[in-house]
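> Need a 3D model of the following:
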Amino acid sequence: MVGRPGASFEEADVVENYPYRPPYPGSLFEKLIEIAPRLTSLLDIGCGPGKVSRPLASRFETATAVDPSRQMIALGKSLEDGDRANIRWIEGFAEDFPLGEERFDLTVAAASIHWMDHERLFPRLGAHASPGHVFAAISGDTPFEPPWEADWHGFLGKWVPALTDQPFDPGRKAEEWESYTRHLEIEGREYFLSAPFEQSIEDFIRCQHSRDTFAPSKLGADNAVFDAELAEMLRPYAAGGRLTFIVRSKLVWGAIKIRSQQVR
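Numbering: from 1, shown residues only. The predicted model follows:
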């Protein structure tokens with residue numbers, strides 16, 4: 001488990017902290033409905049606890065939610081709408097879970113596409129695409145331009161290299177994350193802003209431990225030091241121990257290229 005990218009999402013500590021992540025903006029879900037060619041079949045790959053499939057299940061006839069972490073799926077089933085009869089939860093990797101003869105109208109990868117093998121993934125998705133199929137990738141569930149942004153970048157500039165042996169470079173990370181787009185005929189890119197979201201400092205810190213870089217298993221003996229430093233950094237920006245911020249999420253969508261031809 002240790003050697004596989006993203007394996008931390010199978011760890012109990014990471015899964016337990018995942019519900020502290022802010023939700024995606026409601027307008028993003030409306031856009032997903034708008035770009036879907038039909039509302040018959042949704043595929044949510046790297047679904048985690050179903051941050052996309054659970055809210056959208058009421059709008060589609062069927063929703064298939066796939067994730068390699070059994071613990072994430074168990075969490076998703078326990079959350080709101082996770083027990084809907086039209087959601088099929090599957091433990092597996094997007095590149096090789098059983099597909100049978102299924103065809104999908106909309107495939108969504110939310111904060112997960114960078115963990116996947118694109119060379120294997122996209123031909124497989126294209127072969128199981130309904131006419132007009134749309135692939136959509138979502139990124140961004142962190143505070144957007146909060147008052148503490150400069151201090152936060154300084155904090156990350158210390159901790160990210162210490163834990164990853166890589167410099168903190170958000171621009172390079174964003175560029176690498178979008179490498180999947182060469183498999184698409186891009187039809188749109190759009191940003192969505194949330195309503196103000198309020199969270200205690202303690203819950204904000206818990207949220208960080210839901211992220212691979214800051215998984216408790218990776219911090220190890222430094223976990224308490226990390227928490228104390230982050231709390232001290234955030235305290236001047238909190239009112240009554242609570243932070244308020246907005247989230248900006250990015251949606252990229254398009255048709256999958258198959259042998260240089262788009263699925264249309």
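
> that's a helix at residue 213, yeah?
Yes. Counting by DSSP: H, G, I helix; E, B strand; the rest coil, residue 213 falls inside a helix.

> Kindly provide the distance from the closest residue to it other than its chain neighbours to residue 212.
Of all residues not flanking residue 213 in the chain, residue 163 sits nearest, at 5.9 Å (C-beta to C-beta, 6 or more residues apart in numbering). C-beta coordinates here come from the backbone N, C-alpha and C atoms, glycine included. Going from residue 163 to residue 212 by C-beta to C-beta, to the nearest Å gives 10 Å.

> so what sits against both of the two?
When contacts are counted by C-beta atoms under 8 Å, 6 or more residues apart in numbering, residue 163 and residue 212 are jointly contacted by residue 218.

> any idea which element residue 50 lies in?
Here residue 50 sits in a region with no helix or strand, counting by DSSP states H and E.

> My guess is it contacts residue 65. True?
Yes. The criterion here is C-beta atoms under 8 Å, and residue 50 meets it with residue 65 at 5.2 Å.

> Pull the contacting residues for residue 244.
Contacts of residue 244 (C-beta under 8 Å, 6+ apart): 196, 197, 198.

> pLDDT value on it, please?
We have a pLDDT of 98 for residue 244.

> any idea how far the residue nearest in space to the middle of the chain is from residue 149?
Closest residue to the average C-alpha location of the chain: residue 111 at 2.3 Å, with C-alpha atoms, centre = their mean. Going from residue 111 to residue 149 by C-beta to C-beta gives 20 Å.

> circling back to that earlier point, what spatial separation is found between the residue nearest to residue 213 and residue 208?
12 Å.

> so what sits against both of the two?
In contact with both residue 163 and residue 208: residue 214, using C-beta under 8 Å, 6+ apart.

> what about those two, which has more around it?
Set residue 163 next to residue 208 and count neighbours by other C-beta atoms under 10 Å: residue 208 wins out with 20 against 17.

> Could you give the number of residues near the closest residue to the more buried one other than its chain neighbours?
Spatial nearest neighbour of residue 208, excluding adjacent residues (C-beta to C-beta, 6+ apart): residue 214 at 4.7 Å. Burial measure for residue 214: 23 neighbouring residues, criterion other C-beta under 10 Å.

> quick one: contacts for residue 214?
159, 163, 208, 226.

> so which two of those residues are the farthest from each other?
163 and 208 (11.6 Å; C-beta to C-beta).

> quick one: which of the contacts of residue 244 is nearest to residue 55?
Once C-beta to C-beta is applied, the member of the contacts of residue 244 that ends up nearest residue 55 is residue 197, at 15.8 Å.

> Distance of that closest one relative to residue 66?
Residue 197 is 27 Å from residue 66, by C-beta to C-beta.

> who has more neighbours, those two?
The neighbour comparison of residue 197 against residue 66 (other C-beta under 10 Å) goes to residue 66, with 22 against 14.
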